[in-house]
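> pasted the sequence and its predicted model underneath.
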Amino acid sequence: MAGRIVFPTALIVLAVLAGCSRGPKVPRASQWFADKYVQINNGMTEQEVDELLRDCPSEVYHDDCKHRMADVGGRVTEVDCHHWKTYDEKPHSMEQDHFIYVFFDENGRVIGKQFGEWIS
């Protein structure tokens, strides 16, 4: 994922807000991924999320865990997580492909999520 720049936080928040009720608005080819995002709920285990997104490349991060903007039960708020994971829509994601960030607490349960689009 080196060399990619992600939307600024303000735009990420807009993407999260757009996804609060019906899911993010995406091209038809990416709808399956947006539908998976909607199925991620607070309290799910990391294993449950991994199973839901089993066909998506993922990576775990243990840094930059404070003050993350996230969709928490349909509203955007700041969370402090233990670790977070990024799931890409497809291998070797590029500009205009999508990603999901999922934030986990120390027990490995979802406390928030984000949906966004990679840009170069």
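Sure thing, it's come through. Numbering: from 1, shown residues only.

> can you report phi and psi for Ser30?
phi -100, psi 0 (degrees, to the nearest 10).

> separation between Gln96 and Val26?
10 Å (CB to CB, to the nearest Å). No exception for glycine: its C-beta is placed from N, CA and C like everyone else's.

> a helix runs through Trp32, doesn't it?
Yes: secondary structure of Trp32 (DSSP: H, G, I helix; E, B strand; the rest coil): part of a helix.

> okay, it: pLDDT?
For Trp32, the model assigns a pLDDT of 94.

> and what of Trp118?
Reading off the model, Trp118 has pLDDT 87.

> burial count for it?
By other CB atoms under 10 Å, the residues close to Trp118 number 18.

> in three-state terms, label it for me.
Per three-state DSSP, Trp118 ends up strand.

> again with Ile100
Going by three-state DSSP, the state assigned to Ile100 is strand.

> thought it was touching Pro57?
No: counting by CB atoms under 8 Å, Ile100 stays clear of Pro57, with 11.3 Å between them.
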